[in-house]
Every structure is written in structure tokens, then in C-alpha cells.
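Chemist: this is a predicted model, with the sequence first.
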Amino acid sequence: MTDHEQQQPAPTRGKILDALTQAERATFTRPAPKSATAQVKYLLTRMKDSTKDLAERLGVSRRTVERYRAGQIKTPQKKLQAALVEETESEWQPQVRAQARERAATSGGMHVECTAYFGFTANGSSDDGRERFISTPISPTYAAQILQLQEQGATDEDLHAIVAEAITESYFTEWGTRAAGLRADFTHVSSLDIQF
């Protein structure tokens, strides 16, 4: 069995976690390394030059990592290429990402655009769900809660309720100025984009 066949598939994340990851990556001030050799070299600097740790993280042999670092192999197969891109971008510009997250949690908030089914329950009545496209700001208070849960390892299911509550407050109740007690059901999310 070759190194490429032994690779583990990339873990799947939900739409909310993917949107948060993309929002962070949109704050990069410089592009991440693109070639496999540059990506391996960068990741090795982040991992204190441990080829063993990087090999485990990528799901390949230590020798494969050494060959990419030396430039003996230049074109990875799709799974390894995806893992290199994911790992490089997850480590790229940590201070820039931290500053963007801090701004979102303290002053700037987030902006959410989504297409999902929304239904409502308020004062004993309900409105069946229908698909809506919504574009709305999220307050720094909710942004801080969402980012804190993400840092604590929350799943998409864990984040779903707080994102639904944030959208309800900003879009449907306009920060508590109308429709008191409204609760929006937020289901069947077909697209979600978050910006810091």
C-alpha cells in the first residue's frame, strides 16, 4: 500500500464551521504558500521541524514528507494536496486571524448571508417555514459567543442555535424593537457566508 493510499480522508465540517473558517481566511494579508514543497517547508517550521508529527498530521509516511521538503516530489495526489492546503491555511497568519476574531468579538461583529428555511413561533401562533435569503449584521456579543464556542471545539449542531438566535435578533426582531418573543426556526441551510 502506498503512502497516498494510506491517507485519511479530510474530516467533514458543517456549513457554519466552514463559513467561519472561510471568514478567517478572507482576512489574510498575504497569500498562503501554493506549491507542495513550500507548504511542507512552512508546516515544518510551524511544527518545530518534526517530520514525524507532520507525517502523522497529513496521513503519509515520514519519508514522503522528507521527499517533498527536498523537492524530490512536487505534485501530490488529490487527497494529499487537499490536506496540504487545509493544514497550511489553518496555520497561516495566526496573528492576523486572531486580530480579526478580536475585532469581530469586541467591536465589528459579523455579517451573515444565508439561504435557509425560516419558520416562526410567537405568542401562540406559528408560520410555516419557507426558504429565504437573508443578509444581516450580527452583533459583537453574538459574534463573541459564536467564536468562543468554535474555539472550544463546538460542532455545527452546537453552533446552530446561537446563529439562529443571532439572525432572529438582528433581522426579524431588529434588536428587540419589534416582534417581542419571536423565535425563528432556522433549518435546511443551503448556503451560508460569514464575514468579519
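Modeler: Here it is on my side, so go on.

Chemist: what's the helix or strand for the residue nearest to the spatial centre of the chain?
Modeler: For the chain, the residue nearest the mean C-alpha position is Thr21 (2.3 Å; Cα atoms, centre = their mean). Assigned by DSSP states H and E, Thr21 falls within helix 15-25.

Chemist: how about that helix: buried residues?
Modeler: Lys15, Ile16, Leu17, Ala19, Leu20, Thr21, Ala23, Glu24, Arg25 (16 or more other Cβ atoms under 10 Å). Glycine gets a C-beta too; all of them are placed from N, C-alpha and C.

Chemist: how close does the second one get to Gln95?
Modeler: Computed as Cβ to Cβ, to the nearest Å, the Ile16 to Gln95 distance reads 24 Å.

Chemist: where does the closest residue in space to Thr187 that isn't next to it in sequence sit: helix, strand or coil?
Modeler: Of all residues not flanking Thr187 in the chain, Tyr117 sits nearest, at 4.8 Å (Cβ to Cβ, 6 or more residues apart in numbering). With DSSP: H, G, I helix; E, B strand; the rest coil as the basis, Tyr117 sits in strand.

Chemist: ditto for Ala184
Modeler: Following three-state DSSP, Ala184 is assigned to strand.

Chemist: for the residue nearest to it when sequence neighbours are not counted, give its distance to Phe133.
Modeler: Once flanking residues are discounted, Ala184 sits nearest to Thr168: 4.2 Å by Cβ to Cβ, 6+ apart. As for Thr168, its distance to Phe133 is 16 Å (criterion: Cβ to Cβ).

Chemist: residue boundaries of the strands in the protein?
Modeler: Ranges of strands within the chain are 110-122, 125-138, 183-195, based on DSSP state E.

Chemist: tell me which residues in stretch 60-78 are buried?
Modeler: Those would be Val60, Ser61, Thr64, Val65, Glu66, Arg67, Tyr68, Arg69, Ile73, Pro76, for stretch 60-78 by 16+ other Cβ under 10 Å.

Chemist: could you chop the protein up by domain?
Modeler: According to automatic domain parsing, the chain comprises the domains 3-93, 102-195.

Chemist: got any ranges where this structure has weak pLDDT?
Modeler: 1-13, 120-128, 176-183 (pLDDT under 70).

Chemist: how far does the biggest helix by length in the chain sit from its chain's centre?
Modeler: Determined from DSSP state H, the single longest helix within the chain is helix 78-91. Helix 78-91 sits 14 Å away from the centroid of its parent chain (Cα atoms, centre = their mean, to the nearest Å).
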